[in-house]
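> structure, please.
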Amino acid sequence: MLTDYHNHLERGTLTLEYLKQFTDQAKQKGIEHFGISEHAYHFYQTKNILSNPWVDERRFYDMDDYVKLFQQAWDANIDVKMSIEMDYTPGKHKEMEQFIKSYDFDYVIGSIHWVEDFGIDLGEFKHEWDRRDLKETYSKYFDQVVTLAESNLFDIVGHLDLVKIFNYIPNDEEFLMEQYERATTALANSKTCVEISTAGLRKYVGQLYPDPRLLNLCYKKGIPIVLSSDAHIPEDVGKDFDQAIALAKSVGYSKLMTFNKGERKEVSLG
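Take a look at the predicted model:
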């Protein structure tokens, strides 16, 4: 079986017609477990969690409309999971928990896109990589991975090593492995699964998330996985899954985790 749990409607509309383009593509790709996980910062209800000039310009959805869309899909017998991708925000655990519990999500993805005021994956901030200390940025990023895991608020951590997106990667192998070790130890002690995401293949770095060394530690520590494409257009659903499956199997994985209203079940990796 296959999953694709990380997908976005933000480049289109919150309509059944647009959603169906994604679910139809998933069906064509043989993906049995498919979900939409829109960015939480788009919704008015998350202003008390994450707010900065970049985010606030892009806050244009209401959660009521989002929930209604999924209800329409289920009424039409469309099998799609309702999720959210939330920017993990240090110091906002109570607010994040309150938001998550307010909706009947099938699962929740927690991701790190911000290191303090630095949008690490945004083109508008790319120049900052040359102005900041690389190891310090990596340390602060993985600090958040650890506390994200320790919060136990999330079912899946999105693109675990997104910090490499622009190919700014420390040459210090020992330093990198230290970050991977502490991140995976925290994840192993939580309920959080890790996604193998093909999105990195479409980014500047040109690599899957996570790095094979990082995924190998996940496997050794018993951290479950899902597969995700992080599609922002229907055509990218399930894209390059052959590479994701090969990576998963190369480190030893033979099962994927699936979600349904917070319930989880392992299935064989197809």
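
> give me the number of neighbouring residues for Lys221.
Counted with other CB atoms under 10 Å, the neighbours of Lys221 add up to 14. Where C-beta positions appear, they are placed from N, C-alpha and C, glycine not excepted.

> skip the chain neighbours and tell me the closest residue to it.
Ala188 (3.9 Å; CB to CB, 6 or more residues apart in numbering).

> return the residues in contact with Ile84.
Contacts here follow CB atoms under 8 Å, 6 or more residues apart in numbering; on that basis Ile84 touches 37-40, 100, 103, 105, 108-109.

> helix or strand for it, just tell me which one.
Assessed by DSSP states H and E, Ile84 sits inside strand 81-87.

> return the distance of that strand from the chain's centre.
Taking CA atoms, centre = their mean, to the nearest Å, one finds the center of strand 81-87 at 8 Å from the center of the full chain.

> contacting residues around Glu116?
Lys140 are the contacts of Glu116 under CB under 8 Å, 6+ apart.

> gap between it and Lys220?
Going from Glu116 to Lys220 by CB to CB, to the nearest Å gives 31 Å.

> what do you get for Lys164?
Distance of Lys164 to Lys220, given as CB to CB: 21 Å.

> ok, these two, which is more surrounded?
Shown here are Lys164 and Lys220; by other CB under 10 Å, Lys164 has more neighbours (24 against 12).

> the strands in the stretch 151-270 of the chain, which residues?
Taking DSSP state E, counting those that start in this stretch to define them, one finds strands in the stretch 151-270 of the chain at 156-157, 193-197, 225-228, 255-260, 263-268.

> tell me, how many residues neighbour the residue nearest to Lys221?
15.

> ok, now Lys68?
When neighbours are counted by other CB under 10 Å, Lys68 registers 13.

> need the contact list for Ser250.
By CB under 8 Å, 6+ apart, the neighbours of Ser250 are Pro212.

> that one and Ser190: what is the separation?
25 Å.

> try Leu215
In terms of CB to CB, Leu215 sits 17 Å off from Ser190.

> now do Phe125
Separation of Phe125 from Ser190 (CB to CB): 29 Å.

> next one: Ser51
Distance, Ser51 to Ser190, using CB to CB: 26 Å.

> between the two, which one's more packed in?
Neighbours per residue (other CB under 10 Å) separate Ser51 from Ser190, with Ser190 holding more: 19 against 12.

> not counting its neighbours along the chain, what's nearest that one?
Here the residue nearest Ser190, using CB to CB, 6+ apart, is Ala149, at 4.2 Å.

> done for today, thanks.
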